[in-house]
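[1] sequence and predicted structure, then a few things I'm wondering about:
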Amino acid sequence: MDDRRAFLRFLAASPLYAGLPWARAALAQTPEAVEAPVARAQDALDVFDLQKVAQHTIPPAHWGYLMTGVDGEETLKANREAYARWELRTRRLVDLSKMDMGIELFGNRYASPIFLCPLGYQRAFNPDGEVGVARAAKARNALQILSTVSSSSIDDVIKARGAPIWYQLYTTNNLDVAVKLVKQAEAAGAAAVAMTIDLPVGRNTETSVRLARSDTRTCTSCHGPAGPTMTGRPMFANLGLSGPPLVNSTPSLTWDFIRRLKDATKMKVLVKGLESGDDAALAVKYGCDGVMVSNHGGRATETGRGTLESLPEVVAAVKGRIPVLVDGGVRRGTDALKALALGATAVGIGRPYIWGLGAFGQPGVERTLDVLNNELRLAMGGVGARTIREITPAALIRRI
Ligand SMILES: Cc1cc2nc3c(=O)[nH]c(=O)nc-3n(C[C@H](O)[C@H](O)[C@H](O)COP(=O)(O)O)c2cc1C
């Protein structure tokens, strides 16, 4: 098939092509015609349709930042592959006339367990940025988590969402600043803080560096001559900071800081970026209100292990005492169903909604949520689950 397409492409490019109407007709019927990028958000049939558009609308350096993993990207791949190791076990003739995909987390209700992970610098993908994402989250009643390295202020984002969001905390090399950030988020109306713990000493994002090299645009107008720094970002603008620039890693961070956080805020406190039962047990011990099983979308430690593979040991260690959220590699509603069946309370998406944002702005994010939520509804119907609670391990078979 590839050979045939290559041959037709060759004909199309040749001056002889005009005289070969059969080739033109044949080309119109090839998968290329079927694969043409969609022109409107509502035409996207799956998240990959949005990815295809976004690859053209997002500039190369920013595309590299979005898509990169670390090192040889084994963990990035493993996140996806983990989902393929599970099959669905169908149940038939269950009354599905009333289905409810809603969940409740810390007293707030959401339309679906699929939530929007924190991703930095969203105006780099589309001018709608985090505020557009907030409007989409409002339209679909989805949980949104806002990054510390957001390109909009938390006040603007919460105003656009019209309801509490969660705040993702990067502690930086100054823990006093972290406490200030958390107090700022609480004052703005955030419901919870998720402290990211998977980047203690930095990372090696090769694809990002390679694609940045291929980008011929002048970046200093946005990034400044010194490159992106933490201090100049909107989240840091009103903290009255002076002194040395802040660095986005905290080698000295330990579990003790959870106690300090809990004392500093009334918000729920979660840790984002653990993958072992041992750490999950410590999170419970130190008073965390929830844990997020995450490897930063394959962008932190190159473990080679998908987050879905780590989920069961975390669920086992937590023993139902606090919610367990998971993210990484979720691209289909069936993926979300598998994570829920293995004990996740909610399932996060990162890159897919940024594909929607990059492709079409706010409507693209809404389409991402619609596509995935509809796929999840279909998968639930297939395994005879009317509610999220009815999704159990019985819905899964491990592929040998
Ligand atoms: C471009 C990009 C930026 C991200 N920025 C942050 C961030 O600022 N804070 C954070 O905790 N996680 C960040 N993450 C990780 C996401 O929150 C999430 O864990 C991950 O994207 C989920 O995997 P997925 O992209 O395969 O869905 C980022 C991920 C990407 C792809």
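    Good, I have the coordinates.

[2] buried residues in stretch 337-349, which are they?
    Within stretch 337-349, the residues scored as buried using 16 or more other C-beta atoms under 10 Å are 337-349. Where C-beta positions appear, they are placed from N, C-alpha and C, glycine not excepted.

[3] have a look at this structure and report its longest helix.
    helix 362-382 (DSSP state H).

[4] output the contacting helices and strands for whatever helix or strand comes next after that helix.
    Beyond helix 362-382 on the C-terminal side, the first helix or strand identified by DSSP states H and E is strand 396-398. Applying 3 or more C-beta pairs under 8 Å, 6 or more residues apart in numbering; DSSP states H and E, we find strand 396-398 packed against strand 86-88.

[5] now do 10 Å
    strand 86-88, helix 333-341 (3 or more C-beta pairs under 10 Å, 6 or more residues apart in numbering; DSSP states H and E).

[6] nearest to the ligand, out of those?
    helix 333-341 (9.6 Å; C-beta to the nearest ligand atom).

[7] with only the CA atoms kept, save that closest one in PDB.
    Taking Å, rounded to 0.1, in the frame of the first residue of the first chain, the C-alpha atoms of helix 333-341 are listed here in PDB:
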ATOM      1  CA  GLY A 333     -11.700   6.200  26.500                       C
ATOM      2  CA  THR A 334     -10.800   2.500  26.700                       C
ATOM      3  CA  ASP A 335      -7.500   3.500  28.300                       C
ATOM      4  CA  ALA A 336      -9.300   5.500  30.900                       C
ATOM      5  CA  LEU A 337     -11.600   2.600  31.600                       C
ATOM      6  CA  LYS A 338      -8.600   0.300  32.100                       C
ATOM      7  CA  ALA A 339      -7.000   2.700  34.600                       C
ATOM      8  CA  LEU A 340     -10.300   3.000  36.500                       C
ATOM      9  CA  ALA A 341     -10.700  -0.800  36.600                       C
END
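
[8] so which elements touch the longest strand anywhere in the chain?
    With secondary structure taken from DSSP state E, the chain has its longest strand at strand 268-274. In terms of contacts (3+ C-beta pairs under 10 Å, 6+ apart), strand 268-274 is packed against strand 166-169, strand 192-196, helix 256-264, helix 277-285, strand 290-293, helix 307-318, strand 324-327.

[9] mind doing that once more with 7 Å?
    strand 192-196, helix 256-264, helix 277-285, strand 290-293 (3 or more C-beta pairs under 7 Å, 6 or more residues apart in numbering; DSSP states H and E).

[10] how close does residue 333 sit to residue 261?
    The span separating residue 333 from residue 261 equals 34 Å under the rule C-beta to C-beta, to the nearest Å.

[11] sorry, slip of the keys, the one I care about is residue 276.
    Taken as C-beta to C-beta, the span from residue 276 to residue 261 is 21 Å.

[12] looking at these two, which is more packed in?
    residue 261 (23 against 13; other C-beta atoms under 10 Å).

[13] which ones are touching that one?
    182, 193, 195, 269 (C-beta atoms under 7 Å, 6 or more residues apart in numbering).

[14] can you check residue 259 too?
    Counting by C-beta under 7 Å, 6+ apart, residue 259 touches 286-287.

[15] same thing with residue 174?
    By C-beta under 7 Å, 6+ apart, the residues touching residue 174 are residue 246.

[16] in this structure residue 262 contacts residue 269, no?
    Yes: here residue 262 lies in contact with residue 269, judged by C-beta atoms under 7 Å, at a distance of 5.7 Å.

[17] so the two - more neighbours on which side?
    residue 269 (23 against 16).

[18] tell me the bridge partners for that one.
    Per DSSP bridges, the residues bridged to residue 269 are residue 193.

[19] by proximity to the ligand, which residue of the stretch 301-400 of the chain wins?
    residue 350 (2.1 Å).

[20] which non-adjacent residue is nearest that residue?
    Counting by C-beta to C-beta, 6 or more residues apart in numbering, the nearest residue to residue 350 once its immediate chain neighbours are dropped is residue 117, at 4.3 Å.

[21] and if you look at residue 392?
    residue 341 (6.2 Å).

[22] residues in contact with the one you found?
    With C-beta under 7 Å, 6+ apart, residue 341 has these contacts: 391-393, 395-396.

[23] mind giving me the PyMOL select for these, buried ones only?
    Applying 16+ other C-beta under 10 Å to these, the buried members can be selected in PyMOL as follows:
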select buried, resi 391+395+396
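
[24] and the stretch 151-300 of the chain, which of its residues are near the ligand?
    168, 196, 272, 294, 296-297, 299 (C-beta under 6 Å from any ligand atom).
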